[in-house]
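K.L.:
no FASTA, just this:
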C-alpha cells in the first residue's frame, strides 16, 4: 500500500515539473504575442496533443516535430515561415536536443525569424556553473546579433531565463549572455530585460570585422584613412568615401574595428578560385562588410541580390532613421 502511494506521489512530482515548464512556455510566447509555434520534442503523442490544444485555444497555430534519434526530421521545411516570426519550443531533456540545435545552426534557423525557447528541466544545471553549461550548449552554434534564443533553466522553485547571442562566432567571439528574467508558479513570468533587443546589444566589445574595399591601381602603401579622407585620392571613388565615412561613425558608436582587404574589382565571378573581388569575397563569407559602390548588370542578378542580400554568419542588422 505504501509502495503504491509512493508511486503516485512520484508521478505527481514529475507531471508537475513538466506542467511548470510548459506553463512557462505558454506565458513566454503569450508575452511575445506569437501566432505560429513549432514544438520540437521526444514526448508521447498524448502529452504533445494536450500541449498543442492549450496553445490552439488561444489562437496559436501549432506544429509538432518529433526529434527521436531514429527519425529524420526536415527542420528547415518544418520551420519555414517568412511572413511572421515562428516560435520554436525545444524540449531540452530529449537526447537529440543538442543535435537539433546543431542542425538549426547549420541551416541558419537561429535568426530573428525564429523565437527559440530551450527548456532545460535538469535542476542540477541551475547552479554557479549555470553559465558554463550555457556556454557548453550554445558556444559552437552559428548565433549572430539578431538571434532570438532564450535558454530556460529549472532552478527548483523558479526558472531562470537567459538570452544568448553572438557578435561574431566566425571571428572567435565568445558567447554573449544576458539575464532576461524569471518564471515562478505563483508570479508567472517576470521580465527584467525589456525594450528593443538591439539596445541591449549596442557595444560590440571592440570586435574586429573583415572589411573589403576597392582601390584601382593599388598603392604601394595603404592606410585606412585613404578610404574616407576628404579630397581626391587616386583610385578611390567618391561613393566609396561616403560609405567609409558612414561606417567610421557606426564603428565609434558600436565599438568595433576593421581589418582591411583591398581588391582591384567590385564585381567578380561567384565560382571558387576566380579573381577576388568585393562581391564574391562577401558571397564566399571571406569578408564581413564593404564600403564601395558598383554598377549593376542583368547577368549579375542571377547570383547576387543588391537590394535584399542574404546575411552572413555575422548578420549585423541595424536600422538607422536619418532625419
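P.N.:
Structure's in. What do you need? Bear in mind the structure is a predicted one, so any value in this text is a computation, not a measurement.

K.L.:
Identify each buried residue in stretch 254-262, please.
P.N.:
Within stretch 254-262, the residues scored as buried using 16 or more other CB atoms under 10 Å are 254, 256, 258, 260, 262. Heads up, the C-betas are built off the backbone N, CA and C, glycines and all.

K.L.:
quick one: which of these sit in helices?
P.N.:
Mapping those onto helices (DSSP state H) picks out residue 254.

K.L.:
just the buried residues of stretch 254-262 now: which is nearest residue 139?
P.N.:
residue 256 (20.3 Å; CB to CB).

K.L.:
which residues does that closest one bridge with?
P.N.:
residue 207 (DSSP bridges).

K.L.:
didn't it look like it was pressed against residue 208?
P.N.:
Yes: counting by CB atoms under 8 Å, residue 256 does reach residue 208; the two are 7.2 Å apart.

K.L.:
What ranges in the stretch 51-200 of the chain fall below the confidence cut-off?
P.N.:
Residue ranges of the stretch 51-200 of the chain with pLDDT under 70: 69-70, 123-131, 170.

K.L.:
Could you pull out the helices in it for me?
P.N.:
75-78, 97-106, 130-138 (DSSP state H, counting those that start in this stretch).

K.L.:
would you turn these into TSV with mean neighbour count and distance to residue 177?
P.N.:
Formatted as TSV, those follow (neighbours: other CB atoms under 10 Å; distance: least, CB to CB, whole Å):
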stretch	mean neighbour count	distance to residue 177
helix 75-78	14	24
helix 97-106	18	16
helix 130-138	17	6
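
K.L.:
Among these, single out whichever gets nearest to residue 221.
P.N.:
Per CB to CB, nearest to residue 221 of the helices of the stretch 51-200 of the chain: helix 97-106, 41.2 Å.

K.L.:
name the helices or strands packed onto the closest one?
P.N.:
Other helices and strands packing on helix 97-106, by 3 or more CB pairs under 8 Å, 6 or more residues apart in numbering; DSSP states H and E, are helix 75-78, strand 86-91, strand 114-120, helix 130-138.

K.L.:
Ok, which of the ones you listed comes nearest residue 45?
P.N.:
Residue 45 sits nearest to strand 86-91 of all the helices and strands packed on helix 97-106, at 14.2 Å, using CB to CB.

K.L.:
Identify the residue spatially nearest to residue 209, adjacent ones excluded.
P.N.:
residue 288 (4.5 Å; CB to CB, 6 or more residues apart in numbering).

K.L.:
Sorry, wrong one. I was asking about residue 226.
P.N.:
Leaving aside its chain neighbours, residue 226 sits nearest to residue 233 (5.3 Å; criterion: CB to CB, 6+ apart).

K.L.:
tally of neighbours for that neighbour?
P.N.:
Residue 233 has 17 neighbours, counted by other CB atoms under 10 Å.

K.L.:
cool, residue 222 as well?
P.N.:
Using other CB under 10 Å as the criterion, residue 222 is surrounded by 12 other residues.

K.L.:
what does residue 65 give?
P.N.:
Residues near residue 65, counting by other CB under 10 Å, number 19.

K.L.:
how about the strands in this structure?
P.N.:
With DSSP state E as the criterion, the chain has strands at 36-41, 61-66, 86-91, 114-120, 149-154, 159-165, 176-184, 188-191, 207-214, 256-263, 289-290.

K.L.:
Highest mean neighbour count out of the ones you listed?
P.N.:
Scoring these by mean neighbour count under mean count of other CB atoms under 10 Å gives strand 86-91 as the most buried, with a mean of 24.

K.L.:
could the helices and strands packed on helix 97-106 go into JSON lines alongside distance to residue 271?
P.N.:
Putting the helices and strands packed on helix 97-106 into JSON lines (distance: least, CB to CB, whole Å) gives the following:
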{"stretch": "helix 75-78", "distance to residue 271": "25"}
{"stretch": "strand 86-91", "distance to residue 271": "35"}
{"stretch": "strand 114-120", "distance to residue 271": "32"}
{"stretch": "helix 130-138", "distance to residue 271": "35"}
